[in-house]
Each structure stands twice: as structure tokens, then as C-alpha cells.
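K.L.:
let me see the structure of the following:
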Amino acid sequence: MVFVMRMSPVFAAARQTRAASYLRAPLLARSGAAAAVTRATPFKAAVATPTQWTPIRSKHSEPPRPDTIKTTLFFTIKDKVGALDDVLAHIRRLKLSLTSIESRPSKMSGAYDFYIDFEAQNKKQVEDVTDRFRTFVEDVKIITGYESEQPGAAANVPWFPRKIADLDTFVDHTITYGAELDADHPGFKDDAYRKRRAEIAEIAQKFRHGEKCPNVNYNETEIKTWGVVFNKLMKLYETNACKEHRFIFPLLIQNCGFNENNIPQIEDVSRFVKECTGWTVRPVAGLLSSRDFFNAFAFRVFHNTQYIRHHSEPLYTPEPDVCHEILGHVPLYCDPDFADFAQELGLASLGASDADLEKLSRIYWYTIEFGLLKEGDELKAYGAGLLSSFGELEYCISSPEPKRLPFDPEICANTPFPITKYQEVYFVAENFKDMKERVKTYFEGFNRPFQVRYNPYTQTIEVLDNKDKILKYAQSIKGDMSRLQDALDKILTR
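P.N.:
Predicted coordinates:
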């Protein structure tokens, strides 16, 4: 018997307005840095009207802080009549704000292991609940949740999702921009545009894992805005985008309806991306915190906004929109090597400390958003922040102003980035496979008391924190190695 029960999350609906430093300010006529950038580069015409956007997945974007501590408790009970009822009765008496409970057969004969997620009011309540549980169940452990005084204890690890359905809890964590606009946003005084944004955001708010994402019926104005951006960037992709992007983009045109007269639908895009690399795309109503955004990467999930920039300025946006996500991000998630690299960032984010998460965010910034690749003697762009900004897409390749350094995760992680102007330094990678191996080695130094792996069959995160789990994992690798050896032997004996 496996008992599973899911309840609606009861996270506090904490939302906060973004800080001024949270956004990457637009350049001309909107920032004091504009003049300096224009003077610094011979490509004045290109810089004069850059497509600007707002990278929001760095440590600089502080997440909304719920009033509660999300905690995961592990315990074992013996299989006997009424055992589950007794546990549930204790939970009711403790008045826990429970979000999920599940069980599985224990390695202990005649027993079951349980995992429960609950919202604690404070650290003391976590300690009291743990002490109380020890009086009526076996082997109580805090898997994640709060900072522990015990050196090396796993309890100092922030909560992270263990099942792909847990990503649904992020719906309540969006910060701003779904329907809210700042006063300097081009659409701030356009009531019709604000209402339209709210309608599109509602689709994402209602979406849950396993459902088909409803189509957005984009109107003529939205499609025209998309077309302006699409045509402008298409011309630059031929010369400035990396070969992986150039290879995949025609396939997206053929399979997902990428063209100037059609804004691709997330459902179509996600289906195609999944066929390529196992990644999926799901809608999001607004900005996510760094931790939530990266945690989803561990499950090979990319959160994609569906609203589009204001039609009055089609080559400017103060935040990520469907143009940035679909044209800049999506194509590379169809490349197997890039997809594997991105997932490594997600796995490293699970339970990462705030300090390590900031390092990871900088690596993300200098790779997935603003990375360059070597192609022979040339440089090509693969970062989405570059591939969705025609101004910086030219600047990063041709301008003599910025530094271009070999990719090194240690240096990336300790290099602050500007948020009000073009990048002062770009990191150049040899290829995505090399990037993946480098970050895997670097992330091994993160301050986390266990390792994790993603199980693609169950779409769950397995925490490798004891000998039995590690041995089980080793057996699965041994089976794969045996099949690999057999395949090699058959080829070599032909």
C-alpha cells in the first residue's frame, strides 16, 4: 500500500514590488548610462534603439518571503491496524498546516516511511513538532526547512520540491508584472493593455502540472508587435547566433509555427522541446524568485511568460516577455548538451544556501543569459539576453569595448554584473559539454550535506543521503554500464 494525499498549499500570499536595482534599466533616453554606451562603441545606430529586457533570475531579485517555514519531516511507522489513524490524529492535535503527506514501503520489515510537508509558524514550532513525533513514531528526521544548530545537520537546508507537481506551489510565489506595471512601463497608462495582461496572467495562474496549457488568442496588435521583433532578430541570427540556435530555429518554424504572423503557443512549443530533450515549458504569470526558477530546472522545466511588450515600443521591454522567452530561451532547450548543462544549474540549486545561490545566479547570468561560444575563429551568441536584444547581439560580437574571457565558473560566480547597461565582460565557452563538466565540478564545492539526482521515470528528486540510497543508485548505473559494454562488444566484433 502506498498512501498519497495532496492538499492545497497554504503559503502566505506575500507579494512585493521589485527594487529599482532589480531591473536592467533600458539604455537610451531612459538611463544615464546611455550616453556612455553610445560613445563607447562605433555601432551607434545599433545601440541607438536596442531591444531591452529585464533578466530577473539573479540573486538581485529577492523572492517574496512567506510568513511561514516550509518543512519536510520524515518518519517511519510500523504497519499495524490503526497506525495511520493515530498519526493523523496527532497531526490534528498539533494543528499543523499540512500541504502534503505520502508514504512508501520502508527498508525496515513491516513498516512504512512517511514524508509530510507542513507550514511552521517559527523555528520553535518545528522543534516542538519533531520532539512530539519522536514519542509515537520511529526514526524522525527533518529533511529540509529551517536552520539547525547541529553542525552538518540536513535541517539547515532550505525547502525544495521533490516531485514535479510541487512546482505548482510556485504559482503563489510570482512577484510582479503579470498584471501589475510600474509607472515607467510603456503600458502603464493603457487600461486596455493592463486588462489584457491580467487576462493572460490568469491562464498561468490556473495552470497545473499535467494539464494542457490553454492557447492565448493573441490579437492583431500583439501579433504585429511580435512580427517587428521577429523580423529584426531573424536578420541577426544568421550571422551572430551560435550554430545550435541556427540549426534548431528552422525546426521551430516547421513544427511550432514560428513566423512573423504567429506567436507560438506554449503547448505546441513544450511538446516539441520535450521530444528533443525531455524539457517542458510551462506558463508563469510573472516574476519568480531565483530559487523557484532554478529549482524548476532540476525537473527540466522552463517557466515561460505569455504576455507581450507594449505596442508603442516594440523594440523595448522592461521585463521578460514572450519574445524574450520564445525567441531567446526556447531554441537552446532543444539542444541536448545545452539542456543537460541547464539542468545541472537546477540540481545545484536544490537546498543551496543563499550564498551559493548567488554564485549560481551569476553563472546563470554569464551563460544562459549572456554567454558566448567559440566557433572556429569567430564568436557567436547563445545567451537568451543577447538573442532577444538586437542591440546587444551586435555589441557583444563586434564592439571592442567589453572584455571576453574564457569560461570559468569560479570567476563567473565571483564577478558582479551591471544591471543598467550592456555587459562589461562576456565569458566564452568552448562548447556546452565542457561547460557542463566544469560547473558540475564547481558545484561539488557547494555547502550542502547531501547529493541529489533526478529520476526521469518518476519525475522526482532523489536525495542521496544514506548508504542504501547510494547503493541503489550505484546498481542502476552498473546496469547501464553493462548494457554499454555489451553494445560496444557487438560493434567491435562485427
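K.L.:
let me know the next secondary structure element after the helix or strand that residue 344 is a member of.
P.N.:
Assigned by DSSP states H and E, residue 344 belongs to helix 336-349. Next helix or strand after helix 336-349 toward the C-terminus (DSSP H and E): helix 354-364.
K.L.:
how about residues contacting that next one?
P.N.:
Outside helix 354-364, the residues that touch it by Cβ atoms under 8 Å, 6 or more residues apart in numbering are 57-60, 290-291, 294, 345, 348-349, 352, 409, 412-417, 439, 442-443, 446-448. Placement of C-beta: from N, CA and C, glycine included.
K.L.:
and the angle for that helix with helix 336-349?
P.N.:
Counting by axes from the mean of the first three to the mean of the last three Cα atoms, to 10 degrees, helix 354-364 lies at 160 degrees to helix 336-349.
K.L.:
for the helix or strand that helix 354-364 is followed by, enumerate the helices and strands it packs against.
P.N.:
Counting by DSSP H and E, the next helix or strand C-terminal to helix 354-364 is strand 372-375. Secondary-structure packing of strand 372-375 (3 or more Cβ pairs under 8 Å, 6 or more residues apart in numbering; DSSP states H and E): strand 378-381, strand 425-429.
K.L.:
helices along the stretch 351-494 of the chain, start to end?
P.N.:
354-364, 384-387, 390-398, 409-413, 432-443, 467-492 (DSSP state H, counting those that start in this stretch).
K.L.:
for those, which one sits closest to residue 89?
P.N.:
Nearest of the helices of the stretch 351-494 of the chain to residue 89, taken as Cβ to Cβ: helix 467-492 at 30.4 Å.
K.L.:
for the closest one, which positions count as buried?
P.N.:
Residues of helix 467-492 classed as buried by neighbour count (16 or more other Cβ atoms under 10 Å): residue 469.
K.L.:
that one - contacts with which helices or strands?
P.N.:
Here helix 467-492 touches strand 460-464, going by 3+ Cβ pairs under 8 Å, 6+ apart.
K.L.:
what angle do helix 336-349 and the strand it packs on make with each other?
P.N.:
60 degrees.
K.L.:
between helix 467-492 and strand 460-464, find me the angle.
P.N.:
Here the directions of strand 460-464 and helix 467-492 differ by 110 degrees (the same axes, to 10 degrees).
K.L.:
chain center to strand 460-464, what's the gap?
P.N.:
From the chain centre to the centre of strand 460-464 is a distance of 18 Å (Cα atoms, centre = their mean, to the nearest Å).
K.L.:
got the CA positions of it in CSV?
P.N.:
The C-alpha trace of strand 460-464 is given here as CSV (Å, rounded to 0.1, in the frame of the first residue of the first chain):
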residue,chain,number,x,y,z
THR,A,460,11.2,13.1,-8.7
ILE,A,461,14.3,14.3,-6.9
GLU,A,462,16.1,11.5,-5.0
VAL,A,463,18.2,12.7,-2.1
LEU,A,464,21.3,10.6,-1.8
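K.L.:
buried sites along it?
P.N.:
By neighbour count with 16+ other Cβ under 10 Å, strand 460-464 contains the buried residues 460-461, 463.
K.L.:
quick one: which of those residues is nearest residue 298?
P.N.:
When the buried residues of strand 460-464 are ranked by distance to residue 298 (Cβ to Cβ), residue 461 comes first, at 6.3 Å.
K.L.:
mind listing what the closest one touches?
P.N.:
Residues in contact with residue 461 (Cβ under 8 Å, 6+ apart) are 160-163, 298-299, 350, 452-455.
K.L.:
how about 7 Å then?
P.N.:
By Cβ atoms under 7 Å, 6 or more residues apart in numbering, the contact list for residue 461 reads 162, 298, 350, 452, 454.
K.L.:
okay, and the beta partners of it?
P.N.:
Counting by DSSP bridges, residue 461 forms beta bridges with residue 454.
K.L.:
that one and residue 218, how far apart?
P.N.:
35 Å (Cβ to Cβ, to the nearest Å).
K.L.:
cool, and residue 460?
P.N.:
According to Cβ to Cβ, residue 460 stands 35 Å off from residue 218.
K.L.:
over to residue 166?
P.N.:
In terms of Cβ to Cβ, residue 166 sits 31 Å off from residue 218.
K.L.:
before we move on, what about residue 456?
P.N.:
Counting by Cβ to Cβ, the gap from residue 456 to residue 218 is 33 Å.
K.L.:
returning to what we had before: output the helices and strands packed on strand 372-375 in JSON lines; the columns should cover mean neighbour count.
P.N.:
Shown next, in JSON lines, are these (neighbours: other Cβ atoms under 10 Å):
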{"stretch": "strand 378-381", "mean neighbour count": "19"}
{"stretch": "strand 425-429", "mean neighbour count": "20"}
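K.L.:
redo those as a markdown table? Include mean pLDDT.
P.N.:
Formatted as a markdown table, those follow (pLDDT from 0 to 100):
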| stretch | mean pLDDT |
| --- | --- |
| strand 378-381 | 97 |
| strand 425-429 | 98 |
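K.L.:
for these, give me CSV that also has distance to residue 325.
P.N.:
Shown next, in CSV, are the helices and strands packed on strand 372-375 (distance: least, Cβ to Cβ, whole Å):
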stretch, distance to residue 325
strand 378-381, 16
strand 425-429, 21
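K.L.:
so which of the ones you listed is nearest residue 231?
P.N.:
Proximity to residue 231, assessed across the helices and strands packed on strand 372-375 by Cβ to Cβ, is greatest for strand 378-381 (18.2 Å).
K.L.:
centre of the chain to the closest one, how far?
P.N.:
25 Å.
K.L.:
neighbouring contacts of it?
P.N.:
Residues outside strand 378-381 that contact it (Cβ under 7 Å, 6+ apart): 240-243, 372-373, 387, 393, 396-397, 404, 428.
K.L.:
let's see 6 Å
P.N.:
Contact with strand 378-381 is made by 240-242, 372-373, 387, 393, 396-397, as judged by Cβ atoms under 6 Å, 6 or more residues apart in numbering.
K.L.:
using PDB, list the CA coordinates for it.
P.N.:
Only the C-alpha atoms of strand 378-381 are listed here, as PDB (Å, rounded to 0.1, in the frame of the first residue of the first chain):
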ATOM      1  CA  GLU A 378      34.600  33.500 -34.600                       C
ATOM      2  CA  LEU A 379      32.400  34.300 -31.600                       C
ATOM      3  CA  LYS A 380      28.700  33.500 -31.500                       C
ATOM      4  CA  ALA A 381      25.900  34.200 -29.000                       C
END
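K.L.:
out of the helices of the stretch 351-494 of the chain, nearest to residue 233?
P.N.:
helix 390-398 (5.7 Å).
K.L.:
show me which positions of that closest one end up buried.
P.N.:
Across helix 390-398, burial judged by 16+ other Cβ under 10 Å covers 390-397.
K.L.:
now swap in stretch 344-364 and tell me
P.N.:
In stretch 344-364, counting by 16+ other Cβ under 10 Å, buried: 344-352, 356-364.
K.L.:
gap between that stretch and the chain center?
P.N.:
That offset, for stretch 344-364, works out to 11 Å (Cα atoms, centre = their mean).
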